[in-house]
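Enquirer: coords please:
(one chain, ligands or ions: 1)
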Amino acid sequence: MPEGDTVWLAAKRMNTALAGQTLRRGELRVPQLAATDLTGRTVSEVVPRGKHMLTRFSDGWTLRTHYRMDGSWHIYAKGARWRGGPAFSIRAILATDRWDCVGYRLHDVTLVRTAHEDSVVGHLGPDVLGPDWDLDEALRRLRSHPDEQIGVAILDQRNLCGPGNLYKVEGLFVCGVHPWMRVADVEDLPALVERTRGLMLANRDRPEQSTTGDLRRGRDHWVYGRKDKPCYRCGTPILRGDQGPDLQERITYWCPTCQATDAPVDPAARTGEADHPPPFATAH
Ligand SMILES: [Zn+2]
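Expert: Numbers count the residues shown, from 1 in each chain. Reported below is the predicted structural model:
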């Protein structure tokens, strides 16, 4: 699952390959843009905005793409074999004399006037990896929904954009915050946001995503993907549960000891099947 740091690194590499270059081939393989030929346009820059990527052209247009769950951009030296997936999964091809940038399984492929980018990304909160990061504005947006579960609020890109499920889960653990706690009950909300951002900053220049500082597989995350395994801090088995609105549930992991809370919980919190233990089964 791509996070904001994945998109940040991809945009940085795409910018290196494309900025200032004229496209020798520019195809968009989505129905509504199939007739659009980008060949001959010059790329001015490629920038990330949360989990969206904006490829700006010198003629005042921007190509917006989004990874969602499964998308990715691959960069190949001219002549190299493309290996990102079957041809039918290709949504965009931006090629220069030296590089082929191939977008697989991209979503939200849209062309907009650069001056009107806000129409596609204007709803987003402050970008945790952006040059204009604004902690106060992110906190203001989070606190405007005090009853929201913190594990849901951190993922809502209208509050702050960039974090995905991995950094949500790990940031909550590092700060000892239970995922089902109400936003209003989180003792140190600024610390939670800044620690989560710090985890992403530490990873944005590399493809690996380690939140522990250890890059070894199995040691790279505190609780994410570690259901039933002992907590690295206290030894308690890690729990896993679904969180979020129906049909948009995301798997959450937490340590019931390190992230224990006495705060009241949302009665709608899912209690789920045996494989998804109730959120407070052993929290007290
Ligand atoms: Zn623990």
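Enquirer: buried stuff in stretch 185-204?
Expert: 185-186, 189, 192-200, 203-204 (16 or more other Cβ atoms under 10 Å). No exception for glycine: its C-beta is placed from N, CA and C like everyone else's.
Enquirer: what residues does it touch?
Expert: Residues outside stretch 185-204 that contact it (Cβ atoms under 8 Å, 6 or more residues apart in numbering) are 3-5, 8-9, 128-129, 133, 135, 138-139, 142-143, 150, 154, 160, 162-163, 167-168, 170-172, 174-175, 177, 183, 209-211, 213, 261, 263-264.
Enquirer: which among those residues end up buried?
Expert: Neighbour-count burial (16+ other Cβ under 10 Å) applied to those gives 3-5, 8-9, 128-129, 133, 138-139, 142, 150, 154, 160, 162-163, 167-168, 170-172, 174-175, 177, 183, 209-211, 261.
Enquirer: Give me the subset of the buried residues of stretch 185-204 lying in helices.
Expert: Under the assignment DSSP state H, the buried residues of stretch 185-204 contribute Leu189, Leu192, Val193, Glu194, Arg195, Thr196, Arg197, Gly198, Leu199, Met200, Asn203 to helices.
Enquirer: Just give me the closest of the residues you listed to Ala80.
Expert: Closest approach to Ala80 among these (Cβ to Cβ): Asn203, at 26.5 Å.
Enquirer: Against the ion, how distant is the closest one?
Expert: Computed as Cβ to the ion, to the nearest Å, the Asn203 to the ion distance reads 22 Å.
Enquirer: Equivalent analysis for Arg98, please.
Expert: From Arg98 over to the ion (counting by Cβ to the ion), the distance is 50 Å.
Enquirer: how deep is that residue tucked in, by neighbour count?
Expert: 12 (other Cβ atoms under 10 Å).
Enquirer: that older thread, can I get the ones in helices among the buried residues of stretch 185-204 in CSV with pLDDT?
Expert: Converted to CSV, these look like this (pLDDT from 0 to 100):
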residue, pLDDT
Leu189, 98
Leu192, 98
Val193, 98
Glu194, 97
Arg195, 97
Thr196, 97
Arg197, 97
Gly198, 96
Leu199, 95
Met200, 94
Asn203, 91
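Enquirer: any weak-confidence spans in the chain?
Expert: Applying pLDDT under 70 to the chain flags residues 1, 264-284.
Enquirer: Where do the domain boundaries of it fall?
Expert: Using the TED database, the domain ranges for the chain come out as 4-122, 135-254.
Enquirer: So the residue nearest to Arg233 when sequence neighbours are not counted: helix, strand or coil?
Expert: The shortest distance from Arg233 to any non-neighbouring residue, by Cβ to Cβ, 6 or more residues apart in numbering, is to Cys258 (5.5 Å). Here Cys258 takes the coil state, with states given by DSSP: H, G, I helix; E, B strand; the rest coil.
Enquirer: Flag every residue of this protein that's near the ion.
Expert: Applying Cβ under 5 Å from the ion, we find that the chain lies next to the ion at Cys231, Arg233, Cys234, Thr236, Cys255, Thr257, Cys258.
Enquirer: Can you tell me which of the residues you listed has the most neighbours?
Expert: Going by other Cβ under 10 Å, Cys255 tops those with 25 neighbours.
Enquirer: what residues are up against the closest residue to that residue other than its chain neighbours?
Expert: Leaving aside its sequence neighbours, Cys255 sits nearest to Cys231 (Cβ to Cβ, 6+ apart; 4.2 Å). Cys231 is in contact with Trp222, Val223, Pro237, Ile238, Cys255, Thr257, Cys258, counting by Cβ under 8 Å, 6+ apart.
Enquirer: Show me where the stretch 151-284 of the chain has its helices.
Expert: Using DSSP state H, counting those that start in this stretch, the helices of the stretch 151-284 of the chain run over residues 165-174, 189-203.
Enquirer: For Arg56, which of these is the nearest?
Expert: helix 189-203 (23.3 Å).
Enquirer: any idea of the angle that closest one forms with helix 165-174?
Expert: Orientation check (axes from the mean of the first three to the mean of the last three Cα atoms, to 10 degrees): helix 189-203 against helix 165-174 gives 130 degrees.
Enquirer: right, and Arg91 touches Cys101 too?
Expert: No: shown here, Arg91 and Cys101 do not form a contact pair, counting by Cβ atoms under 8 Å, at 11.6 Å.
Enquirer: neighbour count winner among these two?
Expert: A direct count of neighbours by other Cβ under 10 Å for Arg91 and Cys101 places Cys101 higher, at 24 against 20.
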